[in-house]
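[1] Show me how the following folds:
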Amino acid sequence: MTTAFRNTIGLSVHLSVRLQPNHPTDDARGIATSMLDGLMYGSGDAVIGINPATDTLPALMDLYYLVDEVINQYEIPKQSCIPTHVTN
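    As a prediction, the model looks like this:
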């Protein structure tokens with residue numbers, strides 16, 4: 001099955017990898033460093049996904065804006081996800 005949003009995944013003989021730049025305290029600099037390091041290795045062509053250590057809306061929005069800024073600044077055709085609890 002082939003799917004597309006900002007990028008296309010599921011093509012025959014193509015590998016898609018999730019980049020997961022987590023940090024134990026959701027430190028933006030630590031996450032950004034891990035994200036850029038992974039991108040330089042070619043990881044994250046499927047999605048950049050952060051599993052947040054905290055579950056507050058302000059912390060989640062900070063992570064959302066961080067990932068969005070990197071994707072847009074470098075014009076990376078990439079999807080992102082930051083899961084949270086349904087009550088948020």
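
[2] wait, what's in contact with Ala53?
    Asn22, His23, Pro24, Thr25, Asp26 (Cβ atoms under 8 Å, 6 or more residues apart in numbering). For every residue, glycine as well, the C-beta is placed using N, CA and C.

[3] Ramachandran angles for it?
    According to degrees, to the nearest 10, the main-chain angles of Ala53 amount to phi -80, psi -30.

[4] So for it, what's the pLDDT?
    Predicted confidence (pLDDT) for Ala53: 91.

[5] Then Arg6?
    Confidence at Arg6, expressed as pLDDT, is 65.

[6] quick one on the thing from earlier: filter the contacts of Ala53 down to the buried ones and hand me the ChimeraX line.
    In ChimeraX, this line selects whichever of those come out buried by 16 or more other Cβ atoms under 10 Å:
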select :23,26
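
[7] Just the residues contacting whichever helix or strand Ala59 is part of, thanks.
    According to DSSP states H and E, Ala59 maps onto helix 57-73. Helix 57-73 is contacted by residues 6, 26, 28, 31-32, 35-36, 48, 50, 52, 54, 76, 78, 80, 82, 84, 88 when judged by Cβ under 8 Å, 6+ apart.

[8] No further queries at this time; thank you.
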